[in-house]
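> Sharing a model that was predicted from the sequence below.
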Amino acid sequence: MIFNSDHPLANQTAIVTGASSGIGKACAIALGRAGANVIVNYAGNSRGAEEAVAEIEAAGGKGLPFKADVSRKSEVDVMFKAVVDTFGTVDILVNNAGLQKDAPFVEMSLDDWNYVLSVNLTGQFLCAQAAAREFIRRGRRPEVSVALGKIICMSSVHELIPWAGHVNYAASKGGVMLFMKSIAQELGEKGIRVNSIAPGAIKTPINRMAWETPEAERDLLRLIPYGRVGETADIGNVTVWLASDQSDYIHGQTIVVDGGMALYPGFRDNG
Ligand code: BGC
């Protein structure tokens, strides 16, 4: 195949879940600029999804907003069918949809535990399974990619770093780590490439309180050796690369994109 460095994902179709804001929105826009058709999945924020589609189309790409709750199999199935009907197939899944429902452990409700696990972990299971089935049904297209398909799971530094007050979230991301590695081990022989990205603190609505005021940002920066809070484009750029054949020999890995947060900077002058 001829590698198109401006549009490394030309003639491929990507689904990005939870793409109406934050990291998902940036990934959708970056994939669209890289030449992919992008399904901008959202659960409630149709305006955000339409903004992402508008940006993709302004850059000459194709985008489709699609409402579906990733924790419900019936909605995931309808979304994959619509994508195949519209674009013929799916080549890339960015399993991004995720949320936080924080509470001290002794106060955390079972509903908030189940809610976070169902979106952050079961949602990744349902979408990855639907994507893998579609990759296998469609078969190889060497003219667009070496791989049969690519799955990128959005994890977090909290797949590694325990997080008091957020045990549902940390447990979901710890689950994503071995979910990703286990399906990578199982699907690799079919040509399906599976990896994760583990963002650190990225400026998005999910953690607004941690960077919104100068005092909060100063505290947060103590956890980031590289000295800046991340931007959503930091994750969008890595996502494009991980979806492209440029990273074809990377399989079953978590790429940590965190300015060094996972280096335990509390130990710089301690321990
Ligand atoms: C969380 C953010 C947090 C970051 C670093 C992310 O996974 O969603 O709220 O700022 O990890 O702690």
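Okay, I see it. Just so you know, these numbers come straight off a predicted model, no measurement behind them.
> residues in contact with residue 255?
For residue 255, the contact set (CB atoms under 8 Å, 6 or more residues apart in numbering) comprises 195-198, 238, 242. (Each C-beta comes from the backbone N, C-alpha and C, glycine too.)
> want to try CSV for those, with distance to residue 184 and secondary structure as columns?
Written out in CSV, the entries for the contacts of residue 255 read as follows (distance: CB to CB, whole Å; DSSP: H, G, I helix; E, B strand; the rest coil):
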residue, distance to residue 184, secondary structure
195, 7, strand
196, 9, strand
197, 14, strand
198, 15, strand
238, 17, helix
242, 13, helix
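> Report the two of the residues you listed separated the most.
The span of the contacts of residue 255, defined through CB to CB, is set by 198 and 242 at 11.9 Å.
> Pick out whichever of the two has more residues nearby.
The residue with more neighbours, out of residue 198 and residue 242, is residue 198; 24 against 21, by other CB atoms under 10 Å.
> for the spatially closest residue to residue 260 that is not a sequence neighbour, helix, strand, or coil?
Nearest non-adjacent residue to residue 260, counting by CB to CB, 6 or more residues apart in numbering: residue 225, 3.5 Å away. Under DSSP: H, G, I helix; E, B strand; the rest coil, residue 225 falls in the coil class.
> got a list of what residue 225 touches?
Applying CB under 8 Å, 6+ apart as the definition, the contact partners of residue 225 turn out to be 259-261, 263, 265, 268.
> try 6 Å
The neighbours of residue 225, taking CB atoms under 6 Å, 6 or more residues apart in numbering as the test, are 260, 263, 265.
> OK, contacts around the second one?
Going back to what we said before, that points to residue 263. Residue 263 touches residue 225, counting by CB under 6 Å, 6+ apart.
> Quick check: it vs the ligand, distance?
Counting by CB to the nearest ligand atom, to the nearest Å, the gap from residue 263 to the ligand is 13 Å.
> Could you do the last one as well?
Summarising the geometry, the distance separating residue 265 from the ligand, computed by CB to the nearest ligand atom, is 12 Å.
> all helices of the stretch 1-150 of the chain, in order?
22-33, 46-58, 73-87, 110-117, 123-138 (DSSP state H, counting those that start in this stretch).
> okay, the ones you listed, which one's buried deepest?
Mean neighbour counts were compared across the helices of the stretch 1-150 of the chain using mean count of other CB atoms under 10 Å; the top stretch is helix 22-33, at a mean of 28.
> Which neighbouring elements make contact with that one?
If contacts are counted by 3 or more CB pairs under 6 Å, 6 or more residues apart in numbering; DSSP states H and E, helix 22-33 sits against strand 13-16, strand 37-42, helix 46-58, helix 232-243.
> Kindly recompute the last result at 10 Å.
strand 13-16, strand 37-42, helix 46-58, strand 63-67, strand 92-95, strand 149-154, strand 192-199, helix 232-243 (3 or more CB pairs under 10 Å, 6 or more residues apart in numbering; DSSP states H and E).
> strands paired with the helix or strand that comes right after the last one, and their directions?
Going down the chain from helix 232-243, the next helix or strand is strand 254-257, by DSSP states H and E. For strand 254-257, the paired strands and their directions (DSSP bridges) read strand 192-199 (parallel).
> for the record, mean pLDDT for the strand it pairs with?
Looking at strand 192-199 alone, the average pLDDT works out to 98.
> Tell me the gap between it and the middle of its chain.
Relative to its parent chain, strand 192-199 has a centroid offset of 8 Å by CA atoms, centre = their mean, to the nearest Å.
> Also compute the angle for it relative to strand 149-154, please.
Our comparison of strand 192-199 with strand 149-154, counting by axes from the mean of the first three to the mean of the last three CA atoms, to 10 degrees, yields an angle of 20 degrees.
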